[in-house]
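> sequence-free structure coming up:
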């Protein structure tokens with residue numbers, strides 16, 4: 001007769017299994033949170049140093065997290081990441097790159113119909129929008145790109161608000177007039193912050209698309225098999 005495992009042992013086993021099944025997202029989230037905490041701490045010190053240099057009173061940490069300086073710095077970066085992913089997802093639907101693991105196959109290399117292009121078929125384990133069909137299925141078929149577009153727009157608005165607030169704080173400290181929201185739309189400061197991040201994200205995607213033609217990483221689903229020819233397109 002088998003003896004039941006101790007409760008503590010069962011809990012450890014469940015946690016190990018959970019981590020093994022979700023380790024990629026967990027590790028990436030932890031890396032993000034550590035980096036974000038570093039940004040909070042160093043940004044807090046930098047901002048207070050700037051305030052002291054301009055003869056203003058420093059602010060507590062809680063107030064800093066509500067400041068334009070922190071909001072602008074955070075969402076300026078999130079905005080560019082979400083824009084990158086939204087456009088990358090959409091571009092890979094229609095555009096191709098010969099030899100890249102990030103591209104769908106070319107017509108002469110096996111045709112255009114791939115697994116991701118087949119029409120959804122309702123079945124027992126299909127997501128509920130597939131079973132419902134209609135407009136729910138139309139939305140669900142494009143939900144990944146739509147989600148990133150919405151996240152980009154939200155981040156864009158928060159970046160704009162944070163940049164506008166931080167700019168007016170600097171104007172106040174220097175005894176200069178503040179700008180309205182409408183006037184700030186034409187301020188090069190905001191657009192400089194956006195474009196400098198957007199170009200770096202597009203460069204990063206361009207790099208993996210092109211480098212994956214010639215370079216390999218054993219064991220990574222983002223790479224072609226090590227022995228695959230450079231001309232082979234797709235994973």
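Here it is on my side, so go on. Just so we're clear, the structure is a prediction, and the values are computed from it rather than from any experiment.
> use CA for all of it now, contacts and neighbours both
Fine.
> next secondary structure element downstream of the one helix or strand in the chain whose mean pLDDT sits lowest?
Every helix and strand in the chain was compared by mean pLDDT, DSSP states H and E; the lowest is helix 128-132, with a mean of 88. Next in sequence after helix 128-132, counting helices and strands by DSSP states H and E, comes helix 134-141.
> so how far is that following helix from its chain's centroid?
Centroid separation between helix 134-141 and its chain, computed with Cα atoms, centre = their mean, to the nearest Å, is 24 Å.
> packing partners of that helix?
helix 128-132 (3 or more Cα pairs under 8 Å, 6 or more residues apart in numbering; DSSP states H and E).
> buried sites along the helix it packs on?
Using 16 or more other Cα atoms under 10 Å as the burial criterion, the residues of helix 128-132 that qualify are 129-131.
> the helix or strand hosting residue 191: which residues count as buried?
In this structure, residue 191 sits in helix 188-214 according to DSSP H and E. Judged by neighbour count (16+ other Cα under 10 Å), helix 188-214 contains these buried residues: 190, 193-194, 197-198, 201-202, 208-210, 212-214.
> where do the helices sit along this structure?
Secondary structure of the chain (DSSP state H): helices located at 7-53, 61-65, 68-94, 128-132, 134-141, 143-173, 181-184, 188-214.
> which parts of the fifth one are buried?
Neighbour-count burial for helix 134-141, counted by 16+ other Cα under 10 Å, picks out 137, 140.
> quick one, it and helix 143-173 angle?
Between the axes of helix 134-141 and helix 143-173, defined by axes from the mean of the first three to the mean of the last three Cα atoms, to 10 degrees, the angle is 60 degrees.
> run a quick neighbour tally on residue 148.
Residue 148: 20 surrounding residues under other Cα atoms under 10 Å.
> surely it and residue 82 touch.
Yes - with contact defined as Cα atoms under 8 Å, residue 148 counts as touching residue 82 (5.4 Å).
> quick one: residue 212 and residue 22, what's the gap?
Taking Cα to Cα, to the nearest Å as the measure, residue 212 falls 25 Å from residue 22.
> without its sequence neighbours, what residue ends up closest to residue 85?
Once flanking residues are discounted, residue 85 sits nearest to residue 148: 6.7 Å by Cα to Cα, 6 or more residues apart in numbering.
> quick one: contacts for that neighbour?
Residue 148 sits next to 82-83, 85-86 when contact means Cα atoms under 8 Å, 6 or more residues apart in numbering.
> out of those residues, which is nearest to residue 63?
Nearest to residue 63 among these is residue 82, at 26.8 Å by Cα to Cα.
> how deep is the closest one tucked in, by neighbour count?
Around residue 82 there are 24 other residues, counting by other Cα under 10 Å.
> look up the pLDDT of it for me, please.
pLDDT, residue 82: 96.
> skipping its backbone neighbours, what lies nearest it in space?
Of all residues not flanking residue 82 in the chain, residue 152 sits nearest, at 4.9 Å (Cα to Cα, 6+ apart).
> residue 221 now?
Nearest residue to residue 221, sequence neighbours excluded (Cα to Cα, 6+ apart): residue 235, at 7.4 Å.
> re earlier: the helix holding residue 191 to helix 68-94, inter-axis angle?
Helix 188-214 and helix 68-94 are oriented at 40 degrees to each other (the same axes, to 10 degrees).
> run through the neighbouring helices and strands of helix 188-214.
Judged by 3+ Cα pairs under 8 Å, 6+ apart, helix 188-214 is in contact with helix 68-94, helix 143-173.
> for the last one, which residues meet the burial criterion?
Going back to what we said before, that points to helix 143-173. Within helix 143-173, the residues that count as buried by 16+ other Cα under 10 Å are 145, 148-149, 151-152, 154-156, 158-170.
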